[in-house]
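>>> Okay, here's the prediction I keep looking at, along with the sequence it came from:
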Amino acid sequence: MSTSTSSSETTPTMTTKLETKPTKPASPTAEETSTPKSSSALKSFISGGVGGACCVLVGHPLDLVKVRMQTGGATASDSVFGMLSTTVRKEGIKGLYRGVSAPLTAVSPMFAVSFWSYDIGQRMVKSYGQRGMTEEEKLQPYAISMREICMAGAISAIPTTGIMAPSERIKCLLQVQANDVEKGGKVKYSGMTDCAKQILKEGGMSSLYKGTVATLARDIPGTIAYFGTYEFIKKELMKLQGIDPNKGQLSPVAVVTAGGLAGMACWAVGIPADVIKSRYQTAPEGKYNGLVDVYKALIKEEGYAGLFKGIRPALIRAFPANAACFLGMEYAKKLLGFMD
């Protein structure tokens, strides 16, 4: 009889039970925790100013033709290129840049403010869109919708008008004065500064900001079309080129195409308000009781077609001017990438 028992009976099995404690997730790297980089607001401001200067230098000659058409400085038979050649013949190349100092002085900071406020507008709509999200969800890339882009565009028009309204008033008065001088009239303003001084002397700040409501009526729908069209076409062109819209960069040709079409969309929407604004800002004090009075007089004298006076030079100008604007802006942003 064997006295030995099986080890399974006499020796208890020593099983080590590994206690599974809930493990903490590995600490995310800085790359994982950082919010996706957004452009520096200062970078948007500077690059917008560069784009604005490019826009003015390329588009001013056609803007001159537009204002002259809108304010009675051209007959119905005058063509855009006919007016350009007449201006060069009578006034030289310098004549094409009549009144350019006012928009160049104001448009560069105006575009700087416009792109800066568009950047701020995007941040505002993004913040609104992230309401109710957890902190972890907020760290994920946020895809801004077309509706939010349009809202950001509308927001950008409000601070921009503070610079745009007085600049447009001075520019239009100088351009209309050139029409009068051509017909034998007297020179009233010697330049941009003199024009501003005389406006302030005659009517104060309210006169300098005459047409602000009309400028807003033009620029709010205009900037919605402007930024909305640019972002939409830019994304579609990137898809066609097989580029990720969130990471890749457009080719210069694509930027020019998107920017030019954005400018045309802006003016197609804003031209009726621009006609009313130009008439109101260049009219003698007391001629109109307000914008509604300008509208009624315009419709009575010229019909609804009068609301689209100057649309040809506006659209012809819009493509190259805004193509130059966005190209200058995108290149400036690239150069200022260190500011992010």
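Noted; the coordinates are in hand.
>>> State the pLDDT value of G191.
Per-residue pLDDT puts G191 at 83.
>>> So which elements touch the host helix or strand of S117?
Under the criterion of DSSP states H and E, S117 resides in helix 101-129. Counting by 3 or more Cβ pairs under 8 Å, 6 or more residues apart in numbering; DSSP states H and E, the packing neighbours recorded for helix 101-129 are helix 41-70, helix 146-182, helix 192-208, helix 212-240, helix 311-335. Just so you know, the C-beta spots here come from the backbone N, C-alpha and C atoms, and that holds for glycine as well.
>>> Serialize the ones you listed to JSON lines and add fields for distance to L104.
Output for the helices and strands packed on helix 101-129, formatted as JSON lines (distance: least, Cβ to Cβ, whole Å):
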{"stretch": "helix 41-70", "distance to L104": "5"}
{"stretch": "helix 146-182", "distance to L104": "10"}
{"stretch": "helix 192-208", "distance to L104": "9"}
{"stretch": "helix 212-240", "distance to L104": "18"}
{"stretch": "helix 311-335", "distance to L104": "13"}
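>>> Tell me how far E182 lies from I144.
49 Å (Cβ to Cβ, to the nearest Å).
>>> er, T257 I mean
To I144, T257 is 21 Å away according to Cβ to Cβ.
>>> what about those two, which has more around it?
Shown here are T257 and I144; by other Cβ atoms under 10 Å, T257 has more neighbours (18 against 14).
>>> Now that one: which helix or strand?
Counting by DSSP H and E, T257 is part of helix 252-282.
>>> Where does the prediction get shaky in the stretch 51-200 of the chain?
Regions of the stretch 51-200 of the chain meeting the criterion pLDDT under 70 cover residues 70-78, 106.
>>> Go again with 90.
By pLDDT under 90, the low-scoring segments of the stretch 51-200 of the chain are 53, 56-110, 128-144, 160-188, 190-193.
>>> Neighbours of K210, how many?
22.
>>> Next, find the distance separating the nearest residue to Q130 once chain neighbours are set aside from I120.
Closest residue in space to Q130, ignoring its immediate chain neighbours: K138 at 5.4 Å, by Cβ to Cβ, 6 or more residues apart in numbering. Using Cβ to Cβ, K138 is found at 18 Å from I120.
>>> which of those two has more neighbours?
Higher neighbour count among K138 and I120: I120, with 16 against 12, using other Cβ under 10 Å.
>>> and the more buried one, what does it touch?
41, 155-156 (Cβ atoms under 8 Å, 6 or more residues apart in numbering).
>>> Mark which of those are buried, thanks.
155-156 (16 or more other Cβ atoms under 10 Å).
>>> ok, of the contacts of I120, which one's closest to R98?
Using Cβ to Cβ, S156 is the member of those that lies nearest R98, at 28.7 Å.
>>> May I have stretch 321-329 exported as PDB, CA atoms only?
Presented in PDB, the C-alpha positions along stretch 321-329 are these (Å, rounded to 0.1, in the frame of the first residue of the first chain):
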ATOM      1  CA  ALA A 321      -8.400  92.700 -58.300                       C
ATOM      2  CA  ASN A 322      -9.700  90.000 -55.900                       C
ATOM      3  CA  ALA A 323      -7.500  87.400 -57.500                       C
ATOM      4  CA  ALA A 324      -4.500  89.600 -56.700                       C
ATOM      5  CA  CYS A 325      -6.000  90.200 -53.200                       C
ATOM      6  CA  PHE A 326      -6.300  86.500 -52.200                       C
ATOM      7  CA  LEU A 327      -3.000  85.600 -53.900                       C
ATOM      8  CA  GLY A 328      -1.200  88.400 -52.000                       C
ATOM      9  CA  MET A 329      -3.000  87.400 -48.800                       C
END
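>>> buried residues in it?
Residues of stretch 321-329 classed as buried by neighbour count (16+ other Cβ under 10 Å): 321-329.
>>> Please apply the same query to stretch 290-307.
For stretch 290-307, a neighbour-count test (16+ other Cβ under 10 Å) marks 291, 294-295, 297-298, 306-307 as buried.
>>> E285 and S206 touch, don't they?
No. In this structure E285 lies outside contact range of S206 using Cβ atoms under 8 Å: 10.7 Å.
>>> Near R312, how many other residues are there?
With other Cβ under 10 Å as criterion, R312 counts 16.
>>> if I look at it, how far off is K66?
According to Cβ to Cβ, R312 and K66 sit 8 Å apart.
>>> ok, now M83?
According to Cβ to Cβ, M83 stands 10 Å off from K66.
>>> for G303, same thing?
For G303, the distance to K66 - Cβ to Cβ - is 19 Å.
>>> show me the contacts for the closest residue to M238 other than its chain neighbours.
Distances taken as Cβ to Cβ, 6+ apart put P245 closest to M238, at 4.7 Å, once the chain neighbours are dropped. Neighbouring residues of P245 by Cβ under 8 Å, 6+ apart: 234-235, 238-239.
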